[in-house]
Structures are given as C-alpha cells and as structure tokens.
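[1] Sequence and predicted structure, then a few things I'm wondering about:
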Amino acid sequence: NASDANLLFNPDIPIMRLTEAYYILAECKMRKGDKAGAAKLINEVRKRYFEGGNDPNPVTAGNLDQWRMLDEWMVEFLGECRRRTDLIRWNQYITGEWWDHQPDGGVNSYKKLFPFSATHLQISKVLEQNPGYEGL
C-alpha cells in the first residue's frame, strides 16, 4: 500500500563515503602484503585532520598491522555503526580483546548473527531463527 506512512524512505543519505573506498582498498593492499600502498591511502585520508596536513603519527609500512588497520577503521567511522561488522570481518568480535570484551572461548559465537524478529518469523513460512536465539 503506497499510502502507508511506514513505507516512506528518505533516500537522501550517504550510503558510502569516498573514505570507505580508500580504506577498503587500503585493507586489501595490506592483506596482500603492500603495506606501503595501504599506508599511502590511509594517510591521504588522515592528513585532512591536521593543520598543514602534518600528521604526528602517520601510518607507515612498519607500523601498519591488523590492529592499526582496525584502529583506523574505528577512528574514521566512529558513530557510523560499522565497528561490529569490522570486528567480525577481522575475526575479533568474539575472539578478541577490545573495550570491555574478553574472549569467551567461542561460547557466544552465535552473536556474529542477529536474531530475526518474531514478526519476520511469523510472516515467513521458510525462515528459521538463527542458532542461539531459539525461544525469542
């Protein structure tokens, strides 16, 4: 029903920023061993934060590793609701130490997936609740 107010959507929102494209490429380069190329892309983004583009802690091939890359994603996209996805992609959401999280030996590995809502489960004839959320 096109007149249903719940179906309205404002498409005037950014879905992806250019910085995300830079960071995706930087991560790919880093994972393939081109840390210098990755650092160049990250620093291109970072320089806008510093007067004259003089970054006191630039990314280099020597200081770029998984943790620095994760930190760069975190700082650049703070408040944009992607940290969980980044931690899952780097296999750190369940197994890593971050903020107040301590690894639990995989007991909560089901939390990599979200539960389906009761409404969606009732509407669908084929949808089943994700493991770990049975009984919700």
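    Looks like it arrived, so ask away.

[2] for the helix ranked longest in the chain, packing partners?
    The helix of greatest length in the chain, counted in residues with DSSP state H as the criterion, is given as helix 18-31. Counting contacts by 3 or more CB pairs under 8 Å, 6 or more residues apart in numbering; DSSP states H and E, the secondary-structure elements packed against helix 18-31 are helix 35-46, helix 66-76. Just so you know, the C-beta spots here come from the backbone N, C-alpha and C atoms, and that holds for glycine as well.

[3] Tell me what angle the longest one forms with helix 18-31.
    Per axes from the mean of the first three to the mean of the last three CA atoms, to 10 degrees, the angle that helix 35-46 makes with helix 18-31 is 160 degrees.

[4] Same question for the shortest one.
    On the basis of the same axes, to 10 degrees, helix 66-76 is oriented at 180 degrees to helix 18-31.

[5] In contact with Pro56, which residues?
    Each residue near Pro56 by CB atoms under 8 Å, 6 or more residues apart in numbering is listed here: Phe50.

[6] backbone phi and psi for it, please?
    Summarising the backbone geometry of Pro56 under the convention degrees, to the nearest 10, its torsions are phi -70, psi -10.

[7] now His101
    For His101, the backbone dihedrals (degrees, to the nearest 10) come out as phi -90, psi 130.

[8] Tell me how many other residues crowd it.
    The local packing of His101 (other CB atoms under 10 Å) involves 14 other residues.

[9] Please apply the same query to Arg83.
    Using other CB under 10 Å as the criterion, Arg83 is surrounded by 17 other residues.

[10] Once you drop chain neighbours, what's closest to the residue most central in space within the chain?
    When the chain is reduced to its mean C-alpha position, the nearest residue by CA atoms, centre = their mean turns out to be Asp86, at 3.0 Å. Distances taken as CB to CB, 6 or more residues apart in numbering place Trp73 nearest to Asp86, at 4.9 Å, with adjacent residues excluded.

[11] Which pLDDT value belongs to that neighbour?
    Model confidence at Trp73, given as pLDDT, is 98.
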